[in-house]
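Participant: Provided below for reference: sequence and predicted model.
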Amino acid sequence: MKSFLTCLFVVLSFVVGYGQSLDSLLKPAKYRNIGPFRGGRANGGSGVVGDPVTYYMGTTGGGLWKTSDAGHHWKNVSDGFFKSSSVGAVSVSESHPNTVYVGMGEHAPRGVMTSHGDGVYKSTDAGKTWKHMGLKETLHISRIVIHPSNPDIVWVAAQGALHGKTQERGVYKSTDGGKTWKKTLYVNDMTGASELSIDTHNPQVLYAAMWEHMRTPWQVISGGPGSGLYKSTDGGETWSKIHKGLPKELGKMGIAVSRANSDLVYAIIESDSEKGKGGLFVSKDAGMTWSRVSSDHRLIQRAWYYIEVTPDPVSYTHLTLPTTCNLCRSRGAPSQ
């Protein structure tokens, strides 16, 4: 113990003794911004399968950016093509990486300001040129899912207008590369799709989180009878509610199926905070039943902003969840 305290004293003396000179040493250092010079927050982004240095990033006020050198340099690829600047979702085809879909309108609403978008844009040349593909009135798109082997089959999770009622929300599907769209999941004019996830081992299976919400000048509405989790087993044509084991009061939610094990589905759920019913839930039977595995309030205390869950694509023992100030990573696997 004595030797430990001696070492500690020496270390502290070194830090204190050189603290002032450290400022003078660092003063000549110049910092530079290596990210985009404009754009604000980033709500959507995507890597490219098989290319570890290429990424796309969608910002809330500066359009879409691309890096081809792992973030050392960024180039705006939407200027001159997009008619709005707020990006909500970015998705790159796994089978045809030159095909990129972008959904407009930030999906993480803020109390002070949230910018809407004008539908879906598509590129077939890795972001060099873009074409508008419709869904202009959806305003806020939270996720775009592309079929793992056919880039013409696409699903869009449309969160819809934040400040008013509209029927332009829910889950949309296209089988012709975005030329036409069919709305396949709709609940009511206040409930939009906040998340969408596909089972890459069986693309006929999809999961969706539906969120009843509205922001008025005097009130924030999050949750209601329209909120719920849904599953499709026919490629998103029809949907069934999956709720056994979930709390009755549901706010904003995120849902994701594990690539490592298709039976494992995770959901991060905002519920009545006073009753402590929210948290991280897991299903071990592909959504048939659910159980809560974490009630940590930090995971949901700013649900409008941070409700997302991302399972590790290789190991079912790891999860990533954004929280109010950090990324939480879980290493605790559900028992098999």
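Facilitator: Thanks, I have it.

Participant: which phi and psi does Ser24 have?
Facilitator: Reported as degrees, to the nearest 10, the phi and psi values for Ser24 are phi -70, psi -30.

Participant: and it, what pLDDT?
Facilitator: The predicted structure scores Ser24 at 75 on the pLDDT scale.

Participant: with Glu195 instead?
Facilitator: Predicted confidence (pLDDT) at Glu195: the value is 98.

Participant: can you map out the helices along the stretch 201-336 of the chain?
Facilitator: The residue ranges that make up the helices of the stretch 201-336 of the chain, judged by DSSP state H, counting those that start in this stretch, are 303-306.

Participant: in it, which spans are strands?
Facilitator: With DSSP state E, counting those that start in this stretch as the criterion, the stretch 201-336 of the chain has strands at 206-216, 219-222, 228-232, 240-241, 253-257, 265-269, 279-283, 291-294, 310-311, 319-322, 327-330.

Participant: any idea of the mean pLDDT for the fifth one?
Facilitator: What that stands for is strand 253-257. Averaging pLDDT along strand 253-257 yields 98.

Participant: can you give me the neighbour number for Lys27?
Facilitator: Number of residues near Lys27 (other C-beta atoms under 10 Å) recorded here: 8. No exception for glycine: its C-beta is placed from N, CA and C like everyone else's.

Participant: and Ala126, by the same measure?
Facilitator: Here the count is done by other C-beta under 10 Å, and Ala126 has 18 residues near it.

Participant: again, but for Ile198
Facilitator: The criterion is other C-beta under 10 Å. On that basis, Ile198 has 23 neighbouring residues.

Participant: for Ser24, same thing?
Facilitator: A total of 8 residues lie near Ser24 under the criterion other C-beta under 10 Å.

Participant: picking that back up, any idea which of the strands of the stretch 201-336 of the chain scores lowest on pLDDT?
Facilitator: When these are compared on average pLDDT, strand 327-330 comes out lowest at a mean of 58.

Participant: mind putting the strands of the stretch 201-336 of the chain in TSV, distance to Ala303 included?
Facilitator: Shown next, in TSV, are the strands of the stretch 201-336 of the chain (distance: least, C-beta to C-beta, whole Å):
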stretch	distance to Ala303
strand 206-216	9
strand 219-222	7
strand 228-232	15
strand 240-241	20
strand 253-257	8
strand 265-269	8
strand 279-283	11
strand 291-294	15
strand 310-311	16
strand 319-322	11
strand 327-330	14
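
Participant: of all those strands, which one is nearest Thr200?
Facilitator: strand 253-257 (8.4 Å; C-beta to C-beta).

Participant: how far out from the middle of the chain is the closest one?
Facilitator: Between the mean C-alpha point of strand 253-257 and the mean C-alpha point of its chain there is a distance of 9 Å (C-alpha atoms, centre = their mean, to the nearest Å).
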